[in-house]
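> Take a look and give me a structure for this.
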Amino acid sequence: MHVLLTGHAGLLISTGDTTILCDPWFSPAYLGSWFPFPDNAGIDPARLAAPRYLYISHLHKDHFDRRFLAEHVDKSATVLLPEFPVDDLRAALEEVGFHRFVTTRNGVPVDLDGVRVMIVAATSPSDGPIGDSVLAVDDGECRLLNQNDCHPRDPSVLGRLGPYDLHLLQYSGAIWYPMVYRLDPGAKAELARAKRERQVARALGYIRAVGAARVVPFAGPPAFLDPALFALNDVGRDPANIFLDQPQFLDMMAAAGMDQGVLAVAGSELELAPGRLEVTHAVDPAAVWGDKAAYLRAYQERRKAQLEAERPQPALAAGRGGEDLAAALAAWW
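Have a look, this model is predicted:
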């Protein structure tokens, strides 16, 4: 089984003649506030253009990149759909042009050309109306669990297709809390420290529950290139920053007695065989983490024009009729 990390929670899984493209994210998200980290612009979109199957875990914009899917992915790919109670994901993919679908049943393996896959859909109220999901892949020799940033309440459901040779999961923050709230700086820092500790403990708990031979932390953090947000990048291992990066989490794994962690980022290629994993990096990790602040500044400079194009226009902020949106919303509430 061969795995190309395409950035953030993105994967191209290849085994035999079967290819599964998962959550490719390349376009700035959330009005330019999020960019993939590290930069994944060096990955050739042609490598991702013609997968046999497409898997989008959920509709968050760092997983469902409408622009990339529309411009670069062949619409003849068969989409693997989680069993969500609403059809928002299918409708969104149909709008992009995809027309072949396999609707899976929650936690039930299905055979695809000799490869078994299983999707676990998370649909609790805390997951929001668009849900989230996990993908497991078994090619008869190796088993992979792509947990991305899904947080199933019952971790035991993840093991139905195990034991796993490789487990990929989120460990870093991917939310606006508590940074955007107007709070006393000390209180905000305390909330952030607690959030960081909870998300790390949760990830370590999933790693213990799944028990995979090797673990790749991925699906975050994003890069904040907007000057107004740049300070959110954790360049100094700040215990009050929820956006810790891969080397920090790998150190935390080691401190917890877990030696199965693997550093793999955008462009890294993993060759997986029973009892063996080989990792090749497209970019030397030292070029990213040797001086992370300098790396991010150079990234920011490269994407300056793109960032400006993504910013909301003043007319949008003021409302279509020029009204004060904050006052209008206050009156509505």
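> So what's the gap between stretch 273-288 and the chain middle?
Per C-alpha atoms, centre = their mean, to the nearest Å, the displacement of stretch 273-288 from the mean C-alpha position of its chain is 19 Å.
> Now do that stretch, average pLDDT.
Averaged across stretch 273-288, pLDDT comes to 96.
> And stretch 131-146, by the same measure?
Averaged over stretch 131-146, pLDDT sits at 96.
> buried sites along it?
With burial defined by 16 or more other C-beta atoms under 10 Å, the residues of stretch 131-146 counted as buried are 131-139, 142-146. Where C-beta positions appear, they are placed from N, C-alpha and C, glycine not excepted.
> Test my guess that Met118 contacts Thr104.
Yes. With contacts counted by C-beta atoms under 8 Å, Met118 reaches Thr104, the gap being 7.5 Å.
> Glu94: which element?
Glu94 belongs to helix 88-96 when assigned by DSSP states H and E.
> who touches both of Met118 and Thr104?
Val110 (C-beta atoms under 8 Å, 6 or more residues apart in numbering).
> Chain neighbours aside, what residue packs nearest to Ala212?
Among residues not flanking Ala212 along the chain, His167 sits closest, at 3.5 Å (C-beta to C-beta, 6 or more residues apart in numbering).
> For the one you found, give the beta-bridge partners.
Beta-bridge pairing for His167 (DSSP bridges): Leu145, Val215.
> Which secondary structure element is home to Tyr295?
Going by DSSP H and E, Tyr295 is in helix 292-302.
> next SSE after that helix?
Next element after helix 292-302 (DSSP H and E): helix 304-310.
> just for the stretch 151-300 of the chain, where's the confidence low?
Across the stretch 151-300 of the chain, not a single residue meets the criterion (pLDDT under 70).
> now the strands: where do they sit in this protein?
2-7, 10-15, 18-22, 53-55, 78-81, 100-103, 110-112, 115-122, 132-138, 143-148, 166-169, 214-217, 269-273, 276-280 (DSSP state E).
> and Thr19, what does it touch?
Neighbouring residues of Thr19 by C-beta under 8 Å, 6+ apart: 12-13, 50-53.
> separation between it and Pro51?
4 Å (C-beta to C-beta, to the nearest Å).
> Arg297: neighbour count?
14 (other C-beta atoms under 10 Å).
> related to what we said a few turns ago, overlap of the contact sets of Thr19 and Pro51?
Leu12.
> Many thanks, we can stop here.
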